[in-house]
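Chemist: Structure for this input, please:
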Amino acid sequence: MSEPTALTVNGAPVSIDRPGDTPLLTVLRDALGLVGSRFGCGQGLCGACLVLVDGHPVPSCDVPLSQVAGASVTTVEGLSVDGPTAVQRALVAHQAAQCGFCISGVVVAATALLESSPDADADTVARALERHLCRCGTHQRIVDAVLAARPGTQS
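Modeler: Model prediction:
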């Protein structure tokens, strides 16, 4: 039997007793009950499962638990401890979340983008979100919402 894997999830230390090759997404959803990140493609391509690992957006479906040992993981649930974030409020205001399946990953990616590039323009936002598959066709509304969520911008 292997040693439990220690990491921090949404600011809280956790110890997970699962095989090291267990996908992080499985741990988040099944072991910790954090269901905001969703299984989409299972290959790290669609963005539905995106989380922040040490502040960087990472697809949790294809990252093994062993790779995040000692890391700090932030899920969409961990972004909004004091109510909806600016990105979440802007997505609602712009009606950018149709079915909502992809939105948790979009929120994580947009939050990371605006933290590193608070003055991002529309092209930068579109490039940062190009991996996210929205089958509802709200890509332009999503970009508009992220632009509205920039610091100093009304959302």
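Chemist: residue closest to the middle of the protein?
Modeler: Most central in the chain under CA atoms, centre = their mean is residue 108, positioned 3.2 Å from the mean C-alpha point.
Chemist: With adjacent residues omitted, what lies nearest to it?
Modeler: With CB to CB, 6 or more residues apart in numbering as the criterion, residue 108 has its nearest non-adjacent residue at 4.5 Å, and that residue is residue 50. (Glycine included, C-beta is placed from N, CA and C.)
Chemist: One more: residue 20?
Modeler: Spatial nearest neighbour of residue 20, excluding adjacent residues (CB to CB, 6+ apart): residue 66 at 3.2 Å.
Chemist: Identify the residues contacting that neighbour.
Modeler: The contact partners of residue 66, taken as CB atoms under 8 Å, 6 or more residues apart in numbering, are 5, 20-21.
Chemist: tell me which of the residues you listed is nearest to residue 33?
Modeler: For residue 33, the nearest member of the contacts of residue 66 is residue 5. The distance, counting by CB to CB, is 17.3 Å.
Chemist: hey, what's that closest one bridged with?
Modeler: Taking DSSP bridges, one obtains residue 16 as the residues bridged to residue 5.
Chemist: before we move on, back to that, which helix or strand contains the residue nearest to the centre of the chain?
Modeler: Taking DSSP states H and E as the criterion, residue 108 maps to helix 103-116.
Chemist: and whichever helix or strand comes after that helix, which residues are buried?
Modeler: Secondary structure here is assigned by DSSP H and E; on that basis, the next helix or strand after helix 103-116 toward the C-terminus is helix 122-128. The neighbour-count criterion (16 or more other CB atoms under 10 Å) identifies 125, 128 as the buried residues of helix 122-128.
Chemist: What is helix 122-128 packed up against?
Modeler: In this structure, helix 122-128 packs against helix 103-116, helix 139-148, with contacts taken as 3 or more CB pairs under 8 Å, 6 or more residues apart in numbering; DSSP states H and E.
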